[in-house]
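> just the structure for this:
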Amino acid sequence: MKIKKYYYCLVDANNKPDFRFIFTDKKQALAKIKEIKNSLQGETLFVAKKKRDFFIDGIKRNFIDKNKKVDIKKGCLVRLKRARVGLIDMIAPETYFETIVKETSKLSLQKESEIAKLAQSWQNSIQRKNKMAGRLASDSQENTDSLKTKTLSLTTKTEQAELATTGLPVSFFNNKSRADQFGQNFSYFEQKEERNISPFSFANLFLKSKAFYVFATLLLMVSFSTVVYSMNVSNRKIKSALEKKQKELISQKTVSVLGSMDVRNLKKTDDNNEEPIDKLVMEVLEKFNRYKEEKLGTALKKILAGTPMEKMVPYIAKKDKVVAAFLVAIAKKESNWGRRVPVLNGQDCYNYWGYRGQRARMGTGGHTCFDSPQDAVETVGGRIERLIKSGIDTPQEMVLWKCGSDCNATGGWAAARKWIRDVDLYYEKTMRATNKTGGKQ
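Take a look at the predicted model:
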């Protein structure tokens, strides 16, 4: 047994063949793949991310377990490819496949084109003859039969010239049997052409093609850009109008809505009351700040009660509550709130934060010696304020207080992580306490 001929069929990613078509030409197989992929016919079943199957006639829902999560979408969303099929001489392709798509011969297409031209010429000739017969039908009944005979058997010079273009003799069309046979061939050709013209189908539109998706994406991008541009232009116009209006209002010294006498009296009243109003505002602000300092000081006294650092509470309370929380937390880690401190000549240096700024008076361990508790809070608190303004506002970032630029040179990362945990513990505890009682925002 020998292989009779090679054919081509369509298979999916699981090598499952499509038994609807078998092709003699591989280009027709590729064309069919594009047609199926761009069509909305059939349904695709998604069982998992990479497991899917295509059903041309749709999926019967009653065959699917209701408890199993699946997804069904219209159209063919699986990967199709062309596969070569070799059939031995004793097996016919139609045994397994429904339709054999044969390669169209160029010669047969030329013959059909010639037949179409001849048929068109013949049809035009018959129409002209019928018109002539209609015009002559008004004559006497006796001459009607002879006129029809003459009309069907004779042709004018113009008709002979037109029929000559068909390549057939005029006598061919005067012979009734041959003309009927030609008309039958022409009607068969018309029916065949009608069969080849596919009706309009929404499923065969290009809604699933890449060109459609690219076009839709570009359209959305252009629309979005247009909307953004329009909004920016509108905002600039509104901003310009508001600025112009604001300048006009500022440039106007007075608005004459009162009488001239009332305006003069009003100016005098404002000039007399300007100083008392400023004093009142300042007094209110001072009272408010004292109130907040008292609240923050109350919270800090509860935390630092009985420690050497308690004497610094009045100065720490004047700081922002975030700065105050770092002052308390770092002092707890570095000196246990003043219980382990550097000294100079046996005297307390008030350095409870391990601060090493260069000064004339330096204590043990290379630490700075401050002149008073207030000097210590102002110096260290100012340093912390600058770090917070630069974006270092968490215990994790504030670890540079211990490490500087390299934590490996100051005890390693294990010690650094321990420093972060301890400081974070007392930082959060201080923040919670100040939030309960109030503090400077």
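> C-alpha only now, for contacts and for neighbours.
Will do.
> lowest confidence element among the helices and strands of the chain?
helix 176-196 (a mean of 48; mean pLDDT, DSSP states H and E).
> check contacts around the closest residue to E43 other than its chain neighbours.
Distances taken as C-alpha to C-alpha, 6 or more residues apart in numbering place K74 nearest to E43, at 4.5 Å, with adjacent residues excluded. With contact set as C-alpha atoms under 8 Å, 6 or more residues apart in numbering, K74 has these partners: 40-44.
> please report how far K74 lies from F46.
11 Å (C-alpha to C-alpha, to the nearest Å).
> for S223, same thing?
34 Å.
> check N351 too.
N351 is 70 Å from F46, by C-alpha to C-alpha.
> equivalent analysis for T394, please.
For T394, the distance to F46 - C-alpha to C-alpha - is 49 Å.
> so for those two, which residue has more residues nearby?
F46 (18 against 15; other C-alpha atoms under 10 Å).
> which residues sit in contact with that one?
By C-alpha under 8 Å, 6+ apart, the neighbours of F46 are 52-53, 70-72.
> are any of the residues you listed buried, and which?
52-53, 72 (16 or more other C-alpha atoms under 10 Å).
> so F19 sits in a helix?
No. Assigned with DSSP: H, G, I helix; E, B strand; the rest coil, F19 falls outside any helix and is coil.
> got any ranges where the stretch 1-150 of the chain has weak pLDDT?
Scanning the stretch 1-150 of the chain for pLDDT under 70 picks out the ranges 1-4, 49, 89-90, 103-116, 133-150.
> the helices in it, which residues?
26-37, 106-136, 141-153 (DSSP state H, counting those that start in this stretch).
> list the helices and strands the shortest one packs on?
When you say that, I think you mean helix 26-37. strand 3-11, strand 81-88 (3 or more C-alpha pairs under 8 Å, 6 or more residues apart in numbering; DSSP states H and E).
> can you redo those strands as JSON lines with distance to K237?
Shown next, in JSON lines, are these (distance: least, C-alpha to C-alpha, whole Å):
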{"stretch": "strand 3-11", "distance to K237": "61"}
{"stretch": "strand 81-88", "distance to K237": "58"}
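> just the ones you listed: most buried one?
Compared across these, strand 3-11 shows the largest average neighbour count, a mean of 17 (mean count of other C-alpha atoms under 10 Å).
> packing partners for that strand?
Using 3+ C-alpha pairs under 8 Å, 6+ apart: strand 3-11 touches strand 21-23, helix 26-37, strand 81-88.
> adding distance to V399, write the ones you listed out as TSV.
Shown next, in TSV, are the helices and strands packed on strand 3-11 (distance: least, C-alpha to C-alpha, whole Å):
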stretch	distance to V399
strand 21-23	74
helix 26-37	61
strand 81-88	62
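> closest to A433 out of those?
Relative to A433, the nearest member of those by C-alpha to C-alpha is helix 26-37, separated by 67.6 Å.
> list the buried residues for the closest one?
26, 28-30, 32-33, 36-37.
> list just the nearest of the residues you listed to K279.
Once C-alpha to C-alpha is applied, the member of the buried residues of helix 26-37 that ends up nearest K279 is K37, at 82.3 Å.
> name the nearest residue to the closest one, sequence neighbours excluded.
C76 (5.5 Å).
> let me see the backbone angles for the one you found.
phi -90, psi 110 (degrees, to the nearest 10).
> neighbours of it, how many?
23.
> my read: it touches Q41, true?
Yes. Between C76 and Q41 there is a contact under C-alpha atoms under 8 Å: 7.5 Å.
> if we can go back for a sec, can you put the buried ones among the contacts of F46 in TSV and add distance to G363?
Shown next, in TSV, are these (distance: C-alpha to C-alpha, whole Å):
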residue	distance to G363
R52	78
D53	81
I72	79
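> just give me the closest of those to T434.
I72 (59.0 Å).
> was I right to think the closest one contacts T44?
Yes. In this structure, I72 is within contact of T44 by C-alpha under 8 Å, at 5.6 Å.
> out of the helices and strands packed on helix 26-37, which is closest to K102?
strand 3-11 (9.8 Å).
> and the angle from the closest one to helix 26-37?
20 degrees (axes from the mean of the first three to the mean of the last three C-alpha atoms, to 10 degrees).
> just the CA trace of strand 3-11, in CSV.
Written as CSV, here are the backbone C-alpha positions of strand 3-11 (Å, rounded to 0.1, in the frame of the first residue of the first chain):
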residue,chain,number,x,y,z
ILE,A,3,0.3,6.9,0.1
LYS,A,4,-2.1,8.1,-2.6
LYS,A,5,-1.9,11.8,-1.9
TYR,A,6,-1.0,14.3,0.8
TYR,A,7,-3.8,16.5,2.2
TYR,A,8,-3.9,19.2,4.8
CYS,A,9,-6.2,19.5,7.8
LEU,A,10,-6.6,21.8,10.8
VAL,A,11,-5.6,20.8,14.3
